[in-house]
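# Curious how this folds, go ahead:
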Amino acid sequence: MLDGSPRLNLASFVTTWMEPECDKLIMDSINKNYVDMDEYPVTTELQNRCVNMIARLFNAPLGDTETAMGVGTVGSSEAIMLAGLAFKRNWQNKRKAEGKTYDKPNIVTGANVQVCWEKFARYFEVELKEIKLSEGYYVMDPDKAVEMVDENTICVAAILGSTLTGEFEDVKRLNDLLVKKNDATGWNTPIHVDAASGGFIAPFIYPELEWDFRLPLVKSINVSGHKYGLVYAGIGWVVWRTQQNLPDELIFHINYLGADQPTFTLNFSKGISIFQFLVRIDPNYCSVLLAHTSWLRGTGYTNVMENCRENMLVLKEGIEKTERFNIVSKDVGVPLVAFSLKGQSFHSEFEISEMLRRFGWIVPAYTMPADAQHITVLRVVIREDFSRTLAERLVADILKVLHELDTLPSKISRKMGAEDFANVKRKKVKREKLMEVIVGWRKFVKDRKKMNGVC
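Now for the predicted structure:
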């Protein structure tokens with residue numbers, strides 16, 4: 001269903017869904033399809049309530065009795081596809097009404113967007129206009145983004161929690177600049193906020209940060225429940241500012257399941273279990289089908305997010321004390337630590353990542369997008385179960401790896417003759433040396449993964 005219910009009776013809800021009953025429902029519904037409404041009609045109502053609570057969490061301009069517009073999805077990737085389709089159709093309809101061409105839509109984003117945005121652009125024939133990054137600034141620059149907007153731009157996509165560094169993009173500045181450009185040009189270019197990671201963080205520990213429907217040009221927001229929504233994998237949401245922002249022509253109505261069911265999804269079937277939220281409520285887990293009991297109480301999510309942030313700071317301080325790394329991530333954002341080696345070295349972040357696996361750590365190393373691809377970073381994401389003890393242990397293991405690397409020559413250098421290696425050290429500029437190491441390690445990692453299929 002696409003519309004949420006208005007206010008609910010929290011007391012009756014909590015007393016109705018007690019833990020034993022919820023656990024039984026979770027197990028009974030493992031093999032059920034969400035669209036089996038004859039067996040589980042309540043799940044549709046529960047999804048509607050979730051949509052309503054998420055929209056209000058993101059400050060949608062709704063009255064007390066108004067319902068929200070949104071839908072549950074199989075992760076944020078599907079949510080982004082749906083939001084993009086709504087923007088494209090709205091733009092096309094407006095262009096048709098004005099008697100203008102409507103065959104060259106584009107979206108403006110930063111080069112740091114997740115791959116699902118590239119998929120949307122390629123699958124649905126929309127040009128992706130990416131703002132290049134620069135060293136030290138790894139998110140979309142609002143000024144450059146607004147400069148790139150033209151009459152064919154269906155929306156500007158801002159990221160609340162970049163995959164690369166966890167940083168929140170400046171949606172407020174983007175909105176203000178875009179308002180001025182719209183006023184000057186007569187366009188009505190909107191904003192979509194990809195809050196896949198940050199949507200369940202910012203409202204609880206950065207409540208004063210303006211990034212959501214408080215900004216007039218933000219028309220839709222997606223969020224992943226299985227990231228910081230504290231739920232099982234495979235659940236995402238997309239909510240719209242008002243019903244007018246989702247074209248009715250994209251909504252399908254069916255009744256062959258026993259009742260009228262509006263649907264706007266890319267795939268029809270999905271497991272009923274994706275709507276089963278597992279929420280931590282002091283100090284035990286209480287299985288309820290909605291996270292909104294925790295949202296209304298506030299303390300559950302706030303405590304979890306504050307704890308994640310504190311453990312992030314512990315890890316960051318420990319890594320800084322090694323004096324071997326630059327911290328790339330920011331304190332305000334998704335609780336993660338992204339860091340890169342100081343100075344120029346023939347040992348690389350890829351080597352550190354590989355050696356940490358021996359201690360049981362999977363710490364990804366990757367290069368930044370254009371034009372910062374010469375920067376390589378390691379990233380550790382702090383989730384609910386990443387404790388202070390684990391943070392301290394990871395720092396200790398990083399120190400062990402660094403000590404071992406200090407006693408070894410680079411794998412790249414060992415493959416070169418002594419004379420060639422000396423020439424490289426003399427003649428290569430710093431960036432060229434670094435790029436050679438990166439290219440070498442890319443090939444090394446790729447060779448190890450030749451047996452992997454498409455995922």
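# drop to CA atoms for contacts and neighbour counts, all remaining ones
Fine.
# Between the two ends of stretch 146-160, what distance do you get?
End-to-end distance of stretch 146-160: 18 Å, with Cα to Cα, to the nearest Å as the criterion.
# what sits up against it?
Contact with stretch 146-160 is made by 87-88, 91, 102, 104-110, 113, 129, 140, 145, 167-171, 174, 177-178, 181, 187, 189-199, 211, 333, as judged by Cα atoms under 8 Å, 6 or more residues apart in numbering.
# 6 Å instead, please
Contacts with stretch 146-160, where a contact means Cα atoms under 6 Å, 6 or more residues apart in numbering, come from 87-88, 91, 105-109, 168-169, 189-195, 198.
# Return the subset of the residues you listed lying in strands.
Of these, the ones assigned to strands by DSSP state E are 106, 107, 108, 109, 191, 192, 193, 194.
# Which of those ranks first by neighbour count?
Counting neighbours by other Cα atoms under 10 Å, the top entry in the ones in strands among the contacts of stretch 146-160 is residue 194, with 28 neighbours.
# For it, which residues count as its bridge partners?
Under DSSP bridges, the beta-bridge partners of residue 194 are residue 159, residue 222.
# From residue 84, how far out is it?
Separation of residue 194 from residue 84 (Cα to Cα): 11 Å.
# same thing with residue 371?
Separation of residue 371 from residue 84 (Cα to Cα) stands at 26 Å.
# higher neighbour count, these two?
Using other Cα under 10 Å, the more surrounded residue of residue 371 and residue 84 is residue 84, with 23 against 14.
# A helix includes the more buried one, no?
Yes - counting by DSSP: H, G, I helix; E, B strand; the rest coil, residue 84 is part of a helix.
# Skip the chain neighbours and tell me the closest residue to it.
In this structure, residue 84 finds its nearest non-sequential neighbour in residue 120, 7.3 Å apart by Cα to Cα, 6 or more residues apart in numbering.
# May I see the buried residues of the helix or strand where that neighbour lies?
Assigned by DSSP states H and E, residue 120 belongs to helix 115-123. Using 16 or more other Cα atoms under 10 Å as the test for burial, helix 115-123 gives 117, 119, 120, 121.
# could you dump those to a markdown table with pLDDT?
Below are the buried residues of helix 115-123 laid out as a markdown table (pLDDT from 0 to 100):
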| residue | pLDDT |
| --- | --- |
| 117 | 96 |
| 119 | 96 |
| 120 | 97 |
| 121 | 97 |
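# out of those residues, who's nearest residue 314?
Of all these, residue 117 has the smallest distance to residue 314: 33.0 Å, by Cα to Cα.
# how about the nearest residue to the closest one, chain neighbours excluded?
Closest residue in space to residue 117, ignoring its immediate chain neighbours: residue 80 at 7.3 Å, by Cα to Cα, 6+ apart.
# Give me the pLDDT for the one you found.
Per-residue pLDDT puts residue 80 at 97.
# That one: how many residues sit nearby?
Neighbour count of residue 80, defined by other Cα under 10 Å: 28.
# same question, the one 3 residues further on
As a burial measure, the neighbour count of residue 83 was computed by other Cα under 10 Å and equals 24.
# Return the distance of it relative to residue 245.
Separation of residue 83 from residue 245 (Cα to Cα) stands at 10 Å.
# go on, residue 107?
Taken as Cα to Cα, the span from residue 107 to residue 245 is 17 Å.
# Next up, the contacts around the most centrally placed residue in the chain.
The centroid of the chain falls nearest to residue 196 when counting by Cα atoms, centre = their mean (3.2 Å). Contact analysis of residue 196 by Cα under 6 Å, 6+ apart lists 222, 223, 224.
# And it, how close does it get to residue 152?
Distance of residue 196 to residue 152, given as Cα to Cα: 26 Å.
# ditto for residue 130
Distance from residue 130 to residue 152, by Cα to Cα: 15 Å.
# more crowded one of the two?
Between residue 130 and residue 152, counted using other Cα under 10 Å, the more crowded position is residue 152 (21 against 18).
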